[in-house]
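Student: Would you be able to build a 3D model of this:
(one chain, ligands or ions: 1)
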Amino acid sequence: MRSIMHARFRFVPPAGTPVNFTDVVGSIGAVFRGQDTVERFKADLCAKVGVRHCELVSTGRAALTVALLALKEVDGGKRKEVLIPSYTCFSVPSSVVKAGLQVRLADVDPETLDFLPESLERLDGERVLAVVATNLYGMPSNMEVWRRLTQERGVYLIDDAAQCLGGLIGGRYSGTWGDIGLYSFDKGKNVTSIDGGALVTDSDQIAATVSAKVQELRNSTVNESVSHLVKLLVYASFLHPRRYWIPNALPFLGLGTTVYRTDYPLARYDTWMAPLGHRLLTRLDVIGARRRAAADGYMKRLPWSAKLRSVQPRAGTVPAYLRFPVLVAPELRSKVLEALRHAGIGATTSYPSAIQDIPQLQGVLTPEDRQLSGGRDLAQRILTLPTHGYVTESDQDRIAVVLAEALGE
Ligand SMILES: Cc1ncc(COP(=O)(O)O)c(C=O)c1O
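Tutor: Residues are numbered from 1 along each chain as shown. Next comes the predicted model:
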């Protein structure tokens, strides 16, 4: 009885970053005081990750689309293909399509969540404009190698750190390893401003092209800004596990569902949201440390076996751990997911399919893209656990017990 009550009235959300009422009041206050936080946010983001140029736009998808449009222009429109992982966020292929380019897939290794090295060694520099590495769940991709392989073939590299702000490879921040990089500030991210995206680069040429493209975008509308403020109030009120069960019990909200769509707006960043993004950026190290502590806790506690495998971060990297990914035996995954949800834990099976199985992409992909197996394998095994600041040690103990029971360990 106690555990049912516990599950019903405490539900740990799968993702998010705690935002307190001081953040909300401070953000709204800054809007009314007319402070120009956008320039400070941009300057402080550049200083934090160590790049020279930054532009903000409406979403991470918009950032990736603008990055691709800029590279297409710098390249003179010659090359049209963009190589992306066969398992990643659906926003990645949708941004490629939105930029008028062709999605091509490179297979992933389910054990690392990153590209299979062989799939990039075959890279054709005549046709491929750019490779997008996506640092899934905040585990930094093998950027040193992807950088060498792309540079050897004259292909641009995009370091899509939408999920990896704060992650490091050899002391250098994720997002800064490519010709251009990006971050997302949506609701599930380390630094959230409900929506938003940033583009970062050290290349003067790419930066100038990106800035010109951002200038052409429309401003966010008053309706969008008001809607962001309302969402911020709801977010701050309901992300706490004591209250998250309320929105979680409303299926029509579609929380956490992934849909492929290209009809999102390309717009400038909502200036009303900059104070919140900027406040959270100043707390990035604390937010990251908390997530890494949660990941350490899982590493120590979970009942690892052939049925439950960990994804080890590469040596020399500091993951951002936006989520904690584990690999579960496919035949047991639904049972595990149900058991965790019943125990009040927002575990997820992440994206519903490999990229080659998205129906809207069927006319676009080649037969080689369609036969890749790593992404499909990963899509059947992946499970993510929450790492945000509301996850307690007792949640982690409970998760370990539930997993052991569900896996029959
Ligand atoms: C790898 C990757 N790229 C791009 C995006 C798009 O970001 P947004 O949701 O802010 O549009 C996401 C979204 O989470 C993502 O995971």
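
Student: SS state for the residue in the stretch 251-400 of the chain positioned nearest to the ligand?
Tutor: Going by Cβ to the nearest ligand atom, the ligand is nearest to Tyr264 of the stretch 251-400 of the chain, at 7.1 Å. All C-beta spots, glycine's among them, are computed from the backbone N, C-alpha and C. Here Tyr264 is recorded as coil under DSSP: H, G, I helix; E, B strand; the rest coil.

Student: Return the residues of this structure in contact with the ligand.
Tutor: With Cβ under 6 Å from any ligand atom as the criterion, the chain meets the ligand at residues 59-61, 64, 88-89, 91-92, 134, 160, 162-163, 184, 186, 197.

Student: if we can go back for a sec, what sits against the nearest residue to the residue of the stretch 251-400 of the chain closest to the ligand once chain neighbours are set aside?
Tutor: Once flanking residues are discounted, Tyr264 sits nearest to Arg61: 5.4 Å by Cβ to Cβ, 6 or more residues apart in numbering. By Cβ atoms under 8 Å, 6 or more residues apart in numbering, Arg61 lies in contact with 91, 94-95, 98, 197, 264.

Student: Make a markdown table out of those residues and add pLDDT, distance to Phe32 and neighbour count.
Tutor: Shown next, in a markdown table, are the contacts of Arg61 (pLDDT from 0 to 100; distance: Cβ to Cβ, whole Å; neighbours: other Cβ atoms under 10 Å):
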| residue | pLDDT | distance to Phe32 | neighbour count |
| --- | --- | --- | --- |
| Ser91 | 97 | 33 | 27 |
| Ser94 | 98 | 36 | 23 |
| Ser95 | 98 | 34 | 32 |
| Lys98 | 98 | 35 | 21 |
| Gly197 | 98 | 25 | 27 |
| Tyr264 | 95 | 29 | 16 |
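
Student: I'd like the residues you listed as JSON lines, with distance to Tyr321 and secondary structure appended.
Tutor: JSON lines is the format used below for these (distance: Cβ to Cβ, whole Å; DSSP: H, G, I helix; E, B strand; the rest coil):
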{"residue": "Ser91", "distance to Tyr321": "20", "secondary structure": "helix"}
{"residue": "Ser94", "distance to Tyr321": "25", "secondary structure": "helix"}
{"residue": "Ser95", "distance to Tyr321": "24", "secondary structure": "helix"}
{"residue": "Lys98", "distance to Tyr321": "29", "secondary structure": "helix"}
{"residue": "Gly197", "distance to Tyr321": "20", "secondary structure": "strand"}
{"residue": "Tyr264", "distance to Tyr321": "27", "secondary structure": "coil"}
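
Student: Out of those residues, the closest to Gly26 would be?
Tutor: Checking those against Gly26 by Cβ to Cβ gives Gly197 as the nearest, at 22.2 Å.

Student: in the stretch 151-300 of the chain, which ranges drop under the pLDDT threshold?
Tutor: For the stretch 151-300 of the chain, the stretches with pLDDT under 70 are 250-256.

Student: Now do the helices in it.
Tutor: Counting by DSSP state H, counting those that start in this stretch, the stretch 151-300 of the chain has helices at residues 204-216, 222-238, 241-248, 274-282, 284-301.

Student: Deepest-packed of those, please.
Tutor: A comparison of the helices of the stretch 151-300 of the chain by mean neighbour count, using mean count of other Cβ atoms under 10 Å, puts helix 274-282 on top with a mean of 23.

Student: Out of the contacts of Arg61, flag the one nearest to Cys46.
Tutor: Lowest distance from Cys46 to the contacts of Arg61 (Cβ to Cβ) belongs to Gly197, with 15.0 Å.

Student: contacting residues for the closest one?
Tutor: Gly197 makes contacts with 56-64, 162, 182-185, 269, as judged by Cβ under 8 Å, 6+ apart.

Student: ditto for Ile206
Tutor: 53, 70-71, 74, 179-180.

Student: Most neighbours among the contacts of Gly197, please name it.
Tutor: Comparing the contacts of Gly197 on neighbour count, Ala63 comes out first with 33 neighbours (neighbours: other Cβ atoms under 10 Å).

Student: Contact partners for it?
Tutor: Counting by Cβ under 8 Å, 6+ apart, Ala63 makes contact with 57, 162, 182-184, 197-199.

Student: Report the closest residue of the stretch 1-150 of the chain relative to the ligand.
Tutor: Among the residues of the stretch 1-150 of the chain, Gly60 lies closest to the ligand, at 2.3 Å counting by Cβ to the nearest ligand atom.

Student: For this structure, just list every one of the strands.
Tutor: Remark: strands assigned in the chain by DSSP state E are 53-57, 81-85, 102-106, 128-133, 156-160, 168-169, 172-173, 180-184, 197-201, 308-310, 317-318, 324-328, 382-385.

Student: Would you mind giving the ones you listed as a markdown table with distance to Val210 added?
Tutor: Converted to a markdown table, the strands of the chain look like this (distance: least, Cβ to Cβ, whole Å):
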| stretch | distance to Val210 |
| --- | --- |
| strand 53-57 | 5 |
| strand 81-85 | 16 |
| strand 102-106 | 21 |
| strand 128-133 | 14 |
| strand 156-160 | 12 |
| strand 168-169 | 23 |
| strand 172-173 | 18 |
| strand 180-184 | 7 |
| strand 197-201 | 5 |
| strand 308-310 | 38 |
| strand 317-318 | 27 |
| strand 324-328 | 31 |
| strand 382-385 | 31 |
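
Student: tell me the most buried of these?
Tutor: Of the strands of the chain, the one with the most neighbours on average (mean count of other Cβ under 10 Å) is strand 180-184, at a mean of 30.
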